[in-house]
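> how does the following fold in three dimensions:
(2 chains)
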2 protein chains.
Amino acid sequence: MSELALAAFAAESGSHVVRAPRDRAFRVFARRFDEASYLARLTEAGVEWIARSAPEFPPPLHAIHDPPPGLFVRGEAAADVLRRATVAVVGARSCSPYGAQVARMLGTELAAAGLIVVSGLARGIDGEAHRGALESGGTTVAVLGCGIDRDYPAAHRELAARIRATGLTVSEYAPGVEPAPWRFPARNRIIAGLSAATVVVEARDRSGALITADLALEEGREVFAVPGEITSALSSGTNDLLKLGASPLTASSDVLDVFGLAAAEGDPVALGSSAEKVLARLRDGPASADELARSTGLDAGALASALTELELAGCAVAGGGVYRAN
Amino acid sequence: MSELALAAFAAESGSHVVRAPRDRAFRVFARRFDEASYLARLTEAGVEWIARSAPEFPPPLHAIHDPPPGLFVRGEAAADVLRRATVAVVGARSCSPYGAQVARMLGTELAAAGLIVVSGLARGIDGEAHRGALESGGTTVAVLGCGIDRDYPAAHRELAARIRATGLTVSEYAPGVEPAPWRFPARNRIIAGLSAATVVVEARDRSGALITADLALEEGREVFAVPGEITSALSSGTNDLLKLGASPLTASSDVLDVFGLAAAEGDPVALGSSAEKVLARLRDGPASADELARSTGLDAGALASALTELELAGCAVAGGGVYRAN
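Down below sits the predicted model:
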């Protein structure tokens, strides 16, 4: 009995299937299933199928409690990127500017160092992690909670296309499967399962990213949480993860150490003295433009040009009316 | 040989003394030392002496590797407050608005629940912890790194007087000893030694508060660190403490649990709908007034009155040009 029949039956019946069901409906379906023509249609649609039993199936995903029957894969990267050293970067959809900045930074630095960055194509943290990896010229993989022919959310259709230009989108769901809330926790087990380490950047209490972290912990994978202010609800899930024993992540090197990798070397940035002054203040914490003018004594014009210099150099990031060191 | 002679000799020789030195200078000093008249002068100056061997000496401080010969004590509280359940709240002198807010909140809530809040009277975190404890009507103890007759820093003279009105200032150093940089690490061992738990709110790399935490860890005391943004240098020491195994503190109940105490119950606060709207946004992270106006759609007047309402209710705090939920 083919694993592809399982995936096709799951799509047709709208259910979640990882093992052959013992019911008549499935037996009837499996008897009629024409694997060769189904595969031909996939190929025509630019979709590759990697069965759970195939040698190309990623071993870490095979090792989880309930691996999917296989993965549908789309994109220009060879499917064997799924067997390379992989880190998941996940978190809140409605993230804060701080979370967005950290996710982008991690995506950039982890991919630049050679890791495959896996996430869920969601708004917020997921999207920033994918974008960071693309910016560094690295490879990123988006795991979908819907059929491989869909890009969900629609706002990330262009991002998904950019991901496929050098990387992959993957799903356990066959073409035609609609996104549904209950599929996202299932999708999260694939994100955690593909990855030797999972980083949660920002998460509210009871958020989906914490499910990914729980699954990773259950499978004995490394879990990192990014500390955040205890007055921010968006860091309450991540700070709670720290209480549960997740490793605090303060720099991408914390993850790279797990893989025995060194950070990619960037060029040292030469800054003007006003920009240095502003950066020194930002290293002590986020500040508004008003506060920066007060504490540095720079006039509005000099401050604006210092901030532009810092943003262009990647040393500072604006968000929520506040600037932060990067 | 009296322990008071050790303390008096340390003051006269400008050295740090915890055991009787084996040199001639000390033998000569001890022979001439008139304990009765020294004690009389202390009493006249409103200073009490608790020798290390006295039954009133706090047992947790006696248990450390190098307890001081005794403590000089000033203030209206009975000296036995030093034997009550005690928590240290320490951190950076040049703290951020976030750190100041958390220190004040912890001082208030821990003292309200009945703990003695110990800190070092320094600017920044220490001062905010003392002030919070005073605001709640609780008892706070300042451990000095100079003679008991001095209030250092001078900017905290009035704060020291307020602390003594209901609590204590204490020092191992006799009247006349000047503040000196090397005395502060020594002072930190007393802060950690008096306390069953030490909380580090904000700390740069290699800061004095980390010494206090190390000393507390060495003595097997509970150490908490407050998580903060990884892009803030003021949280890099605390986030590193988390990596070293300190417990993440996200609420004062984390500390109260160690002592088997419950939080003091506050009155529930009723807020107007604009204030609720602003607070909901602030719970997602700090924001400038501009950002709050944008995200809530309130006009400048309504926003200003909502912020005032939140600040008066203790639900939000302003600092660095940014507002935060409390």
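
> going by C-alpha atoms from here, please, whenever you check contacts or count neighbours.
Will do.

> shaky segments in chain A?
Applying pLDDT under 70 to chain A flags the ranges A:1, A:266-268.

> spell out which residues of the stretch 1-150 of chain A are next to chain B.
By CA under 8 Å from any CA of the partner chain, the residues of the stretch 1-150 of chain A that approach chain B are A:Ser96, A:Tyr98.

> closest residue of the stretch 1-150 of chain A to chain B?
The minimum distance from the stretch 1-150 of chain A to chain B, using CA to the nearest CA, falls at A:Ser96 (6.6 Å).

> so who does that residue touch?
A:Ser96 makes contact with A:Leu234, A:Gly320, B:Asp284, B:Gly285 under the criterion CA atoms under 8 Å, 6 or more residues apart in numbering or on different chains.

> so of the residues you listed, which two are at opposite extremes in space?
By the measure CA to CA, A:Leu234 and A:Gly320 form the most distant pair in the contacts of A:Ser96, at 14.0 Å.

> and the strands in the stretch 51-200 of chain A?
A:70-74, A:86-90, A:116-119, A:140-143, A:168-171, A:197-200 (DSSP state E, counting those that start in this stretch).

> next one: the second one to chain centre, how far?
Its chain's average C-alpha position is 5 Å from that of strand A:86-90, according to CA atoms, centre = their mean, to the nearest Å.

> can I get it as CSV, trimmed to CA atoms?
Extracted in CSV, the C-alpha atoms of strand A:86-90 (Å, rounded to 0.1, in the frame of the first residue of the first chain):
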residue,chain,number,x,y,z
THR,A,86,18.2,22.7,10.0
VAL,A,87,17.0,25.2,12.6
ALA,A,88,13.4,26.3,13.2
VAL,A,89,12.7,30.0,13.9
VAL,A,90,9.0,30.5,15.0
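
> which parts of the longest helix along chain A are buried?
Longest helix in chain A, counting residues (DSSP state H): helix A:97-112. For helix A:97-112, a neighbour-count test (16 or more other CA atoms under 10 Å in any protein chain shown) marks A:97-112 as buried.

> what does that helix rub up against?
A:89, A:116-117, A:124-126, A:128-140, A:201-202, A:252, A:255-256, A:263-264, A:317-320, A:324, A:326, B:229.

> check contacts around the closest residue to A:Pro227 other than its chain neighbours.
Nearest residue to A:Pro227 in three dimensions, chain neighbours excluded: B:Pro227, at 5.3 Å (CA to CA, 6 or more residues apart in numbering or on different chains). Residues near B:Pro227 by CA under 8 Å, 6+ apart: A:Pro227, A:Gly228, A:Glu229, A:Ile230, A:Asn239, B:Ser235, B:Thr238, B:Asn239, B:Leu242, B:Pro248, B:Leu249, B:Thr250.

> now swap in A:Arg324 and tell me
Here A:Arg324 is in contact with A:Tyr98, A:Leu282, A:Arg283, A:Gly285, A:Pro286, A:Ala287, A:Ala316, A:Val317, A:Ala318, B:Thr231 (CA under 8 Å, 6+ apart).

> so which residue is dead centre in chain A?
In chain A, the C-alpha nearest the mean C-alpha coordinate belongs to A:Ser119, at 2.0 Å (CA atoms, centre = their mean).

> and it, how far from B:Gly91?
37 Å (CA to CA, to the nearest Å).
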